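Undergrad: Take a look and give me a structure for this.
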Amino acid sequence: MKSASQSLLFLVKFGCSFYVLQKYGVEASVCVGPSMEPTLNAQGDIVIFEHISPRWGTLQPGDVVVAKSPSNPHSYICKRVKVVGDKPFSSRFWKYRQRTPQYVPRGYIWLQGDNADNSTDSREYGPVPEALIVGRVFLRIWPMSQIEWIGRSPKISTS
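TA: The predicted structure is shown next:
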């Protein structure tokens with residue numbers, strides 16, 4: 001009987017550890033769609049992202065992030081951070097709006113897809129609250145032939 005209780009205790013500890021790791025550490029996600037091409041494939045890449053950078057406020061322009069969609073809270077988006085809040089930015093980032101100088105307020109982030117011609121991003125829905133950022137992508141693990149670290153990229157299309 002003692003071994004059954006030890007097995008149950010092990011499973012509970014493992015489950016709690018797994019939950020904490022996934023909630024506050026790292027998590028995997030499938031990023032599908034053309035908005036992040038050529039960095040990520042439209043057919044769906046599996047990426048690993050960490051939850052620490054958004055919690056500590058260390059996101060920087062060029063980081064690829066996973067966020068809750070501002071237009072559909074039941075889905076997630078994968079975009080690149082263009083501007084971190086409390087900074088002005090060039091009006092060329094706007095896709096459909098009036099092209100006047102803009103400002104990203106404190107507590108917000110400007111997100112944009114690498115494939116600017118085929119991306120629904122902050123150029124349409126405006127700055128995104130930092131609270132919607134789930135994590136920073138740091139590794140692509142699928143497809144196996146394209147496993148690589150995903151870092152900051154200073155070369156972001158702004159057209």
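
Undergrad: CA only for contacts and neighbour counts going forward, please
TA: Will do.

Undergrad: Beyond the helix or strand bottoming out on mean pLDDT in the chain, next helix or strand please.
TA: When each helix and strand of the chain is scored by mean pLDDT, DSSP states H and E, strand 87-89 comes last, with a mean of 70. Per DSSP states H and E, the first helix or strand lying C-terminal to strand 87-89 is strand 102-104.

Undergrad: Buried residues, that next one. List them.
TA: 103-104 (16 or more other C-alpha atoms under 10 Å).

Undergrad: Starting from that strand, tell me which strands it pairs with and how they run.
TA: Strand pairing for strand 102-104, using DSSP bridges, gives strand 87-89 (antiparallel).

Undergrad: Quick one: distance of stretch 60-78 to the chain centre.
TA: Computed by C-alpha atoms, centre = their mean, to the nearest Å, the chain-centroid distance of stretch 60-78 equals 5 Å.

Undergrad: avg pLDDT for the lengthiest helix in the chain?
TA: Using DSSP state H, we find that the single longest helix of the chain is helix 2-24. Averaged across helix 2-24, the pLDDT comes to 81.

Undergrad: ok, the residue nearest to residue 153 when sequence neighbours are not counted - how many residues close by?
TA: Spatially, and ignoring its direct neighbours in sequence, residue 153 is nearest to residue 62 (4.7 Å; C-alpha to C-alpha, 6 or more residues apart in numbering). By other C-alpha atoms under 10 Å, the residues close to residue 62 number 19.

Undergrad: And the pLDDT for residue 62?
TA: Reading off the confidence values, residue 62 has pLDDT 92.

Undergrad: And the residue lying closest to residue 119 once chain neighbours are set aside, how close does it get to residue 14?
TA: Closest residue to residue 119 apart from its sequence neighbours, by C-alpha to C-alpha, 6+ apart: residue 35 at 4.4 Å. In this view, residue 35 and residue 14 are 37 Å apart by C-alpha to C-alpha, to the nearest Å.

Undergrad: Show me where the protein has its helices.
TA: 2-24, 52-56, 122-125.

Undergrad: tell me the most buried of the ones you listed?
TA: Ranked by mean neighbour count, the helices of the chain are led by helix 122-125 with a mean of 18 (mean count of other C-alpha atoms under 10 Å).
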